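Student: build me a model:
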Amino acid sequence: MTTKETASHLSNLNPKVGGREEKVDNAFGLWGLDHFALTSQNVALMERFVREFMGGEPYYYAGFDETDKKMGRKPHLFLRIGHSLLQCTEEAGPSTPQPDDPNISPHYGFRTSVAGLDMNIARLKKEGIPFFGPMSHRDIDIVSVYFKSPEGHKFEICTWEGYPEDKARMMGAPGVGFIPWKDLNHNWPHTRS
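Tutor: So this is what the prediction gives:
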């Protein structure tokens, strides 16, 4: 494909507010995100962060008992966040988050309401976790806040509801820019035990 053909193929559909839920079909029978997996060098810290800060509920743990250890299963766990499962696996390597990674991907977005977004912004402030947002996005009805786990996993909390325009800035606007991932590093839980 040429650049011109690609550009016309990738044009926005201009969906109406809330319109993405109207269609639940998929040409291949896929229903949406079931779970996503993150590597972690400290799975206990990640589990605690997801439980205490993102409301994750324990779902399945493996690799921790003697039978699993003898089998060579790496410690990993699943936590339920809303309708999705977050899997954390204890391992190190090239897929482990890097504190100076400027890329937007990979990151993991969780949907909420306007009130939920405001509540989470207040929690980020209270916990001393640096964040970027709330940010509106050009030509789409989503407002997002971005932050990182203590190890550097990139997260987004967003709402597709009508967020007050005066409370959000436009991503990429002059003087606003884009997500400064390096500035979002932190050492949660700070002094908490």
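Student: neighbours around E47, how many?
Tutor: 19 (other Cβ atoms under 10 Å). Placement of C-beta: from N, CA and C, glycine included.
Student: can you name the residues that contact it?
Tutor: Counting by Cβ atoms under 8 Å, 6 or more residues apart in numbering, E47 touches G56, P58, L77, L79, C88.
Student: now, the most widely separated pair of those residues?
Tutor: Distance extremes for the contacts of E47: the farthest pair is P58 and C88 at 11.3 Å, using Cβ to Cβ.
Student: what's the overlap in contacts for these two?
Tutor: Joint contacts of P58 and C88 (Cβ under 8 Å, 6+ apart) are E47, L77, L79.
Student: now, these that are in helices?
Tutor: E47 (DSSP state H).
Student: nearest to K182, of the shared contacts of P58 and C88?
Tutor: Distance to K182 across those (Cβ to Cβ) is lowest for E47, with 25.2 Å.
Student: so where's this protein uncertain?
Tutor: In the predicted model, the chain carries pLDDT under 70 at residues 1-20, 30, 191-193.
Student: on the three-state scheme, the residue lying farthest from the centre of it is what?
Tutor: Computed with Cα atoms, centre = their mean, the residue of the chain farthest from its C-alpha average is K70, at 33.4 Å. Here K70 is recorded as helix under DSSP: H, G, I helix; E, B strand; the rest coil.
Student: circling back: okay if I get the shared contacts of P58 and C88 as a markdown table plus distance to K125?
Tutor: Output for the shared contacts of P58 and C88, formatted as a markdown table (distance: Cβ to Cβ, whole Å):
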| residue | distance to K125 |
| --- | --- |
| E47 | 24 |
| L77 | 28 |
| L79 | 24 |
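Student: closest to S40 out of the shared contacts of P58 and C88?
Tutor: Out of the shared contacts of P58 and C88, the member with the shortest distance to S40 (by Cβ to Cβ) is E47, at 8.5 Å.
Student: if I look at that closest one, how far off is M54?
Tutor: Distance of E47 to M54, computed by Cβ to Cβ, to the nearest Å: 11 Å.
Student: go on, N26?
Tutor: 27 Å.
Student: cool, D68 as well?
Tutor: In terms of Cβ to Cβ, D68 sits 25 Å off from M54.
Student: so L38 belongs to a helix, correct?
Tutor: No. L38 is assigned strand when assessed by three-state DSSP, not a helix.
Student: so what's it up against?
Tutor: Applying Cβ under 8 Å, 6+ apart, we find L38 in contact with M46, L86, Q87, C88, T89, Y108, H153.
Student: in strands, which of the residues you listed appear?
Tutor: Counted as lying in strands by DSSP state E, out of these, are L86, Q87, C88, T89, Y108.
Student: got a winner among the contacts of L38 for most neighbours?
Tutor: Among the contacts of L38, C88 has the most neighbours (other Cβ under 10 Å), with 26 neighbours.
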